[in-house]
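1. Fold the following for me, if possible:
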Amino acid sequence: MPSSTVSALNVPTDFAGEAQNRLARPTTLSAALLALGIVYGDLGTSPLYTLQTIVHIMGDQFTPDAALGSLSLIFWALILTISIKYCFFVMRADNHGEGGILALMTMTGAHWAGRGRWLIIMGLFGAALIYGDGIITPAISVLSAVEGLNVAASIFKPYTMPIALAILVGLFAIQHRGTGAVGKAFGPIMFVWFATIAILGVTGIVHHPGVLAAINPIYGAQLLVSHGFLGFTVLGGVFLALTGGEALYADMGHIGRNPIRVAWYCFVLPALVLNYAGQVGNFLEAPDLEANPFFKLAPNWLIYPLVALATLATIIASQAIITGSFSMTRQAMQLGWFPGVRINQTSAEEYGQIYVPFVNWTMMAFTVALTVSFGSSDRLAGAYGTAVSTTMVLTTALLYHVMRNRWHWSSYQAVAVTGFFLAIDLAFFSANLPKISEGGWIPLTFGALVFIIMTTWHFGVEVLRRRNAARALQPDRFFARLRSDNVARVPGTAVFLTRLGKAIPPVIVNYVKQVRSLQKTVIALTVSFENVPRIRSKDRVRAEQFDDGFWHITVHFGFVEIPDLPAVLTLAKKDGVPVLDQASYFIERDDLISRKHRNLLSRWRVALFSFMSRNSAHAIDRFKIPSSALTEIGRRIEL
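-> Reported below is the predicted structural model:
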């Protein structure tokens, strides 16, 4: 047997370098506009319904003092949670340029089989809950914008839900076209939106300048203390002002840390504070418990243009959560926590512009159902916040382990910082618990279902991996058998996809046993998705020669990269790997059944994994293998 040779493929594009460049991107006007358009849609549209929800919670007890207390709570929630926690601390935790709770989970270094299993569970459940948030955000955002028509004329009231429904269906229906062309307009539109709500807020403050006293946190503390349990539940409404905070972290790799921070501190935060203050100032000037405080700021002649602008802003906010769900699905799939689904790349230049049909239509079905069932934004607000508040708690818990293990902070420092944030997160989390009976169970249940899917898929894949490893042969034994059995070596190149590394996988052993021949050039190909977003060019491909004409090649991809096996392998020729232009690809297709002696829960889990395995994306779709070159070999396995 020839000595093993290991080589690396030099891919022209250095993805890791590009990621760090994006992360450290300077704050230009275009970068700040990009941040406005992609990151701040959800946070930016929260003034449409936050104060209105607080008014509905308090009812007749929403007095001028309560209004000032509510504004104080909103202001300090934005400062402590968004300005300090996310912008200053959480965004420091980047996984090779990428953010998001899955990236944070991988930074802890935890493994499913080790002591860090609970860290994995927290990261996965937090990611799953983002899907739950994703089915509510479009519904409440669009509904709250369209309901502005009711301020202009009551005749629109019966039609607000159908109008919102039509907008939502249209939004999901155009996702397959990609966000490239539309995305260019997102930044300027959101700039106009934030400028508009700031100006409207100033008009309300002018009528009652005393509202600025709410910057004093004593007003918020008095509201919580004097109103008892009612004051505590108000925190559930205040929390609506923070929804979208996770987007700052999740989109960090796309935009860069600096533009997101500068856009927040210099433009978004002032605009939000001015608008919330203007709403409260306008209420103090002319109290009205029935009208929407946001649209009440605008004069009658501005209502229709403001509704149109608000609708555009909520569409952008919805677009952000939809595309974020697409990206998270790909990350989870690449990391081995989600079954393979078809992913369409909608841009040849931007890796983040993708379309996932299964996720898109599933989210649309649930969003439409929620819109029809609840019918109004104030009713839907009862279901909003439970999933996001839970995710924020889990983010803080994971951040503690990053501080200790990656940043090497002392336990006192890590406990002091995360303990402070955790106290705030738990307060909001607890305040959202009463919402469970009002509809908050919906995103939690949806997230739990996604979590079950993730863990079941990982369980099944690990069982198959161990089964394949047990049935594999060591190279020396396999090649000795080839020679002793006089197995014919026929012309051609065969590529067998396998998860195994050093051993000869069962798919090749069984192929030889059944066909009694083997191609002259054989490649056992392993596709490895790593816990980093992108792989450096020098680490892209590893090729090892086992025997004359027999190679094992491992192709490494990051969890945000789109695998194209033929394109990568054709570049490996200069490193001694045979020409693969006319290669035939072989892959196993398993028929999975449960052993009879398993208990009911285990049999149900195996049945779920089998269903997902049968319906997951084929290798053709995932790895861009030509359909004419792929052969699937079926086998039945008992789990």
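2. Can you get me the start-to-end distance on stretch 239-251?
-> 21 Å (CA to CA, to the nearest Å).
3. so what's residue 189 closest to, chain neighbours aside?
-> Of all residues not flanking residue 189 in the chain, residue 312 sits nearest, at 5.5 Å (CB to CB, 6 or more residues apart in numbering). Where C-beta positions appear, they are placed from N, C-alpha and C, glycine not excepted.
4. Roughly how far does the one you found sit from residue 52?
-> Counting by CB to CB, to the nearest Å, the gap between residue 312 and residue 52 amounts to 20 Å.
5. Between the two, point out the one with more neighbours.
-> Shown here are residue 312 and residue 52; by other CB atoms under 10 Å, residue 52 has more neighbours (24 against 17).
6. Check which helices and strands the helix or strand hosting that one is in contact with.
-> Counting by DSSP states H and E, the element that carries residue 52 is helix 50-58. Here helix 50-58 touches helix 64-77, helix 228-238, helix 269-285, helix 293-296, helix 377-380, going by 3 or more CB pairs under 8 Å, 6 or more residues apart in numbering; DSSP states H and E.
7. could these go into a markdown table alongside distance to residue 36 and mean neighbour count?
-> A markdown table is the format used below for the helices and strands packed on helix 50-58 (distance: least, CB to CB, whole Å; neighbours: other CB atoms under 10 Å):
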| stretch | distance to residue 36 | mean neighbour count |
| --- | --- | --- |
| helix 64-77 | 21 | 24 |
| helix 228-238 | 24 | 20 |
| helix 269-285 | 10 | 24 |
| helix 293-296 | 19 | 24 |
| helix 377-380 | 23 | 21 |
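8. can you tell which of these is closest to residue 321?
-> Closest approach to residue 321 among the helices and strands packed on helix 50-58 (CB to CB): helix 377-380, 14.7 Å.
9. what secondary structure does residue 632 sit in?
-> At residue 632 the chain is in strand, as set by DSSP: H, G, I helix; E, B strand; the rest coil.
10. residues near it, how many?
-> Counted with other CB under 10 Å, residue 632 comes out at 12.
11. Can you name the residues that contact it?
-> 586, 587, 588, 589 (CB atoms under 8 Å, 6 or more residues apart in numbering).
12. which phi and psi does the last one have?
-> According to degrees, to the nearest 10, the main-chain angles of residue 589 amount to phi -120, psi 110.
13. Repeat that for the first one.
-> For residue 586, the backbone dihedrals (degrees, to the nearest 10) come out as phi -130, psi 140.
14. Past the strand ranked longest in the chain, which element shows up next along the chain?
-> For the chain, the longest strand by residue count, based on DSSP state E, is strand 517-529. Sequence-wise, the next helix or strand downstream of strand 517-529 (DSSP H and E) is strand 541-547.
15. Residues touching the helix or strand that comes right after that following strand, excluding its own?
-> Using DSSP H and E, the helix or strand that directly follows strand 541-547 along the chain is strand 550-557. For strand 550-557, contacts defined as CB under 8 Å, 6+ apart pick out 334, 479, 501-502, 521-530, 535, 539-546, 563, 565, 568-569, 572, 577-578.
16. Which other helices and strands does the helix or strand that strand 550-557 is followed by contact?
-> Once strand 550-557 ends, the next helix or strand along the chain (criterion: DSSP H and E) is helix 565-570. If contacts are counted by 3+ CB pairs under 8 Å, 6+ apart, helix 565-570 sits against strand 517-529, strand 550-557.
17. May I see the buried residues of helix 565-570?
-> For helix 565-570, the neighbour count (16 or more other CB atoms under 10 Å) marks 565, 566, 568, 569 as buried.
18. Likewise for stretch 109-124?
-> For stretch 109-124, burial by neighbour count (16+ other CB under 10 Å) applies to 110, 112, 116, 119, 120, 121, 122, 123, 124.
19. Residues in contact with it: which ones?
-> 101-102, 104-106, 108, 332, 337, 394, 397-398, 401, 405-406, 451, 454-455, 458, 462.
20. rewinding a little: centre of the chain to the host helix or strand of the residue nearest to residue 189, how far?
-> Assigned by DSSP H and E, residue 312 falls within helix 303-334. Its chain's C-alpha centre and that of helix 303-334 lie 12 Å apart, by CA atoms, centre = their mean, to the nearest Å.
21. Report the contact partners of the residue nearest to the spatial centre of the chain.
-> Central residue of the chain (CA atoms, centre = their mean): residue 328, 3.5 Å from the mean position. Taking CB under 8 Å, 6+ apart, we find residue 328 in contact with 100, 102, 127, 130, 131, 250.
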